[in-house]
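In: my questions are about this predicted structure, shown below with the sequence.
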Amino acid sequence: MSWHINQPIRSTDWVGLRVWLMGASTGIGASLAVQLASLGARVILSARRQDALEAVADQCRHRDAQSDLMVMALDACDRSSVALAAKEISARWGGIDLVIYNAGTYEATRIDTLSADAAENSLRVNLLAPVAATTLIMPLMRAMPHDGKPRGFAFVASVAGYRGLPRALTYGPGKAGLISFVESLWVDLHGMGLNAWVINPGFVRTRLTAQNPFEMPALMEPEDAASAIIQGFSHGDFEIHFPKRFTLFMKLLRLLPIHWYLRLTQRLVPPLPRGGPTPQE
């Protein structure tokens, strides 16, 4: 049995591939947009901020003046906007080959700072929005003629979804749910001739991780993370995870008995005082 269960996307396969990159304005998404455009992919750049997307588009054109780009500012949580954008992309470019969902939010959270509103927003962006986007884009992708090109959905989750971690009360559950969703999705898409990938980075230097009050092990730059993603696509794996020296350690932790694991993670954060403010609403 082969471990490579997705259709590989090698460097030459990117030429002309229509890639919708959701969450393309900063960090991994921006770096991925530049690298994909330089490989010849036709890239749709989406995020909420039009000015940030235009700046990324300029970077793409600076790297390759022939870059074929479409800028579509939208909120990934707004289903009507996603549906309209999908129809417009299909009308202008004839379809969508690959959706890479990279939009996300993160706030380091422990129980003494947890609020219901923040938890709801985190789950909306990190889990419900990518699920909704899949349901909205899927009919258009299924209606496209089969031309042998790699086609499907890729989702940026996190190793924080492997198992419960300190300071990840809202972030971890969203990413864990997303990983589970993509695993189930692969089973259905495979019979349709489509692919599903889950991308699980370790720590990457972005505006979101800048809030972490600890030294992040094996910290990567966004450009290196983007390169790792493109390399992962070329292998045909279901899960693209990096950097290996960190993600393999996290995978090993998944095998620990729960009581060992909880005692270990307990040591990573200072204990909270027994008394304190009431939970926030």
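Out: In hand now; what should we look at?
In: could you pull out the helices for this protein?
Out: Along the chain, counting by DSSP state H, helices occupy 27-38, 50-63, 79-93, 116-123, 129-142, 171-190, 222-235, 244-253, 258-266.
In: mean confidence score for the fourth one?
Out: When you say that, I think you mean helix 116-123. Average pLDDT, helix 116-123: 97.
In: so what touches that helix?
Out: 105-107, 109, 169-171, 173-174, 177, 280-281 (Cβ atoms under 8 Å, 6 or more residues apart in numbering). Where you see a C-beta, it was placed from the backbone N, CA and C, and this is true even at glycine.
In: same question for stretch 230-247.
Out: Contacts of stretch 230-247 with the rest of the structure, by Cβ under 8 Å, 6+ apart, involve 3-11, 32, 35-36, 39, 150, 154, 159, 183, 186, 196-203, 217-218, 220, 225, 228-229.
In: show me the shaky parts of the stretch 1-150 of the chain.
Out: 1-3 (pLDDT under 70).
In: change it to 90
Out: By pLDDT under 90, the weakly predicted segments of the stretch 1-150 of the chain are 1-4, 65-66, 108, 146-148.
In: number of nearby residues for residue 66?
Out: Residues contacting residue 66 under the criterion other Cβ atoms under 10 Å number 8.
In: and for residue 128?
Out: Applying other Cβ under 10 Å, we find 16 residues neighbouring residue 128.
In: what's the distance between it and residue 101?
Out: 12 Å (Cβ to Cβ, to the nearest Å).
In: same thing with residue 275?
Out: 42 Å.
In: comparing the two, which residue is more hemmed in?
Out: residue 101 (27 against 5).
In: bridging residues for that one?
Out: residue 22, residue 155 (DSSP bridges).
In: report the contact partners of it.
Out: Here residue 101 is in contact with 22-23, 76, 129-130, 133, 153-156 (criterion: Cβ under 8 Å, 6+ apart).
In: show me what contacts the residue nearest in space to the middle of the chain?
Out: Compute the mean C-alpha point of the chain, and by Cα atoms, centre = their mean the closest residue is residue 156, 1.7 Å away. Contact analysis of residue 156 by Cβ under 8 Å, 6+ apart lists 23, 28, 100-102, 104, 199, 201.
In: write the PyMOL selection for whichever of the contacts of stretch 230-247 are buried.
Out: This is how PyMOL selects the buried members of those, with burial counted by 16 or more other Cβ atoms under 10 Å:
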select buried, resi 6+7+9+32+35+36+39+150+154+159+186+196+197+198+199+200+201+202+203+220+225+228+229
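In: of the contacts of stretch 230-247, which belong to strands?
Out: Assigned to strands by DSSP state E, the following of the contacts of stretch 230-247 qualify: 154, 196-201.
In: of all pairs in those, which one is the farthest apart?
Out: Farthest pair in the ones in strands among the contacts of stretch 230-247 (Cβ to Cβ) is 196 and 201. Separation: 17.3 Å.
In: picking up where we left off before, distance to residue 53 added to the contacts of residue 156, as a markdown table?
Out: Formatted as a markdown table, the entries for the contacts of residue 156 read as follows, by distance: Cβ to Cβ, whole Å:
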| residue | distance to residue 53 |
| --- | --- |
| 23 | 11 |
| 28 | 15 |
| 100 | 15 |
| 101 | 16 |
| 102 | 13 |
| 104 | 16 |
| 199 | 21 |
| 201 | 22 |
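In: closest one of those residues to residue 145?
Out: residue 100 (22.0 Å).
In: that closest one contacts residue 20, doesn't it?
Out: Yes: at 7.1 Å, residue 100 counts as touching residue 20 under the criterion of Cβ atoms under 8 Å.
In: and the contacts of stretch 204-218?
Out: Here stretch 204-218 has contacts from 26-28, 104-108, 167, 202-203, 219-222, 225, 243, 245-246, using Cβ under 8 Å, 6+ apart.
In: ok, now with 10 Å
Out: 26-31, 104-108, 156, 158, 166-167, 171, 201-203, 219-226, 228, 242-247, 249, 268-269 (Cβ atoms under 10 Å, 6 or more residues apart in numbering).
In: buried members of these into PyMOL, please.
Out: Restricted to buried positions by 16+ other Cβ under 10 Å, the PyMOL selection for the contacts of stretch 204-218 reads:
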select buried, resi 26+27+28+29+30+31+104+105+106+107+108+156+158+166+167+171+201+202+203+220+222+223+224+225+226+228+242+243+246+247
